[in-house]
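Asks: Here's my sequence, what's the structure:
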Amino acid sequence: MTLTPTRALMQGAATAGTGIGAFNVIHLETAEALVAGAERAGLPVILQISQNCATYHGGLSPIALASLAIAGAASVPVAVHLDHAEDERLALEAVDLGFGSVMYDGAHLPYAENVAATARVRAYAHTAGIFVEAELGKVGGKDGAHAPGVRTDPAEAVSFVSATGVDALAVAVGSSHAMTARNAALDLELIAQLRAALTVPLVLHGSSGVADDQIVAAIRAGMTKINVSTHLNGFFTAAIRGYLAEHETVVDSRKYVAAGREAVAGEAARLLTLFASGAAVATGTDATLAVDIKG
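Replies: As a prediction, this is how the structure comes out:
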């Protein structure tokens, strides 16, 4: 099994001035779908497992080992990343499991504590050659844990990266987590300022709420890693609802889950191509996601 280091994917995209998709794994079928989408596009992808996902599966190991196996069998470069770990121990566990990167999210802490905790995670991860992402300037959403409207200050970002030694920085520039309408307005000028001020790649969280043309503009302004979860979850859910509506007597869950998996694969391929090429938005592909993902 050969896994691709996140560092290589991030540095390659940053050097080329393109974006790389980082898509969240929810369960085995989404991991399969995301890799299938990457293979269709002929492009790399980063599979992300969040702390919430690990909790859902009763621990990190089950979903992590499955995702690592799927990534290692892929015909395109695939990295596995721990997303939004507020628990330091979980970040260290991901390093031990062989993840290509971890994101320690200490944004809920006072600044000095965030710096100290992030530096501890970075030190442990770097002993294994693992890439580390952190967050500064809270990204909105996440059940009120992050205050909307906050923006990352470039000078503070420089100080934070210097003090922690992290390899990538998620910044607050106008997006918000868990959005189902793609109408967030990004601060493109701030993105350019942050890109100019920092020597590490920038990460856009909450990209599900950002329209295609805004994402392309953000990549051109300096964003590298583009995180998407809710948007893809919506495709999965909508496809399953559609299948069940057409096949009311079905009882084999593999049949309708396969429909969800196929829908995610198609959209993942489209997004990866968009991020990598910066191509114009295709007609009809940038509509608001009109599904209820909570259902």
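Asks: In contact with T18, which residues?
Replies: 219, 275-278 (CB atoms under 8 Å, 6 or more residues apart in numbering). From N, CA and C alone the C-beta is placed, and that goes for glycine too.
Asks: got the phi/psi numbers for it?
Replies: T18 has phi and psi values of phi -110, psi 170 when expressed as degrees, to the nearest 10.
Asks: Distance check, it against L43.
Replies: Distance, T18 to L43, by CB to CB, to the nearest Å: 10 Å.
Asks: Export the contacts of T18 as CSV, with columns for distance to S253 and pLDDT.
Replies: Formatted as CSV, the contacts of T18 follow (distance: CB to CB, whole Å; pLDDT from 0 to 100):
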residue, distance to S253, pLDDT
I219, 37, 92
F275, 32, 95
A276, 34, 93
S277, 36, 84
G278, 39, 61
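Asks: what's the overlap in contacts for T18 and L43?
Replies: In contact with both T18 and L43: A276, using CB under 8 Å, 6+ apart.
Asks: G165: neighbouring residues, count only.
Replies: 14 (other CB atoms under 10 Å).
Asks: whoops, I mixed them up, V251
Replies: Per other CB under 10 Å, the neighbour tally for V251 reads 7.
Asks: do you know how far it is from R7?
Replies: 46 Å.
Asks: Number of residues surrounding the closest residue to T2 other than its chain neighbours?
Replies: Using CB to CB, 6 or more residues apart in numbering and skipping residues adjacent in sequence, the residue nearest T2 is G72, 5.8 Å away. Taking other CB under 10 Å as the criterion, the count of residues near G72 is 14.
Asks: Quick check: pLDDT value at A107.
Replies: Listed pLDDT for A107 reads 78.
Asks: quick one: which helix or strand includes it?
Replies: Under DSSP states H and E, no helix or strand contains A107.
Asks: Please verify my assumption that it contacts V150.
Replies: No: when contacts are counted by CB atoms under 8 Å, A107 is not listed as touching V150 (9.2 Å).
Asks: Let me see the mean pLDDT of the helix or strand containing L92.
Replies: Element membership for L92 (DSSP H and E) is helix 88-97. Taken as a whole, helix 88-97 carries a mean pLDDT of 98.
Asks: just stretch 23-39 next, same as before
Replies: Per-residue scores along stretch 23-39 average to 98.
Asks: The residue at minimal distance from the centre of the chain in helix, strand or coil?
Replies: The residue lying closest to the centre of the chain (CA atoms, centre = their mean) is N227, at 2.9 Å. Following DSSP: H, G, I helix; E, B strand; the rest coil, the label given to N227 is strand.
Asks: need the contact list for it.
Replies: 22-24, 48, 83, 170, 203-207.
Asks: okay, it: pLDDT?
Replies: At N227, pLDDT is 93.
Asks: give me the beta-bridge partners of it?
Replies: A22 (DSSP bridges).
Asks: Check the spacing between it and H247 real quick.
Replies: From N227 over to H247 the distance is 33 Å, taken as CB to CB.
Asks: how much space between A36 and A16?
Replies: For A36 relative to A16 (CB to CB), the value is 24 Å.
Asks: between those two, who's got more neighbours?
Replies: Neighbours per residue, other CB under 10 Å: of A36 and A16, the larger number sits with A36, 19 against 11.
Asks: wait, that one sits on A263?
Replies: No: the pair A36 / A263 is not scored as a contact, 11.2 Å apart, by CB under 8 Å.
Asks: In contact with Y243: list those residues for me.
Replies: 250, 255-256, 259-260.
Asks: quick one: pLDDT of the residue located most distally from the centre of the chain?
Replies: Most distant from the centre of the chain: T249, at 36.2 Å, with distances by CA atoms, centre = their mean. On the pLDDT scale, T249 is placed at 97.
Asks: what does G174 give?
Replies: So, for G174, pLDDT stands at 70.
Asks: give me every residue that touches the closest residue to it other than its chain neighbours.
Replies: Nearest residue to G174, sequence neighbours excluded (CB to CB, 6+ apart): L186, at 4.5 Å. L186 sits next to 173-175, 204, 210, 214, 217-218 when contact means CB under 8 Å, 6+ apart.
Asks: Checking L186 next. Helix, strand or coil?
Replies: Look at L186: counting by three-state DSSP, its state is coil.
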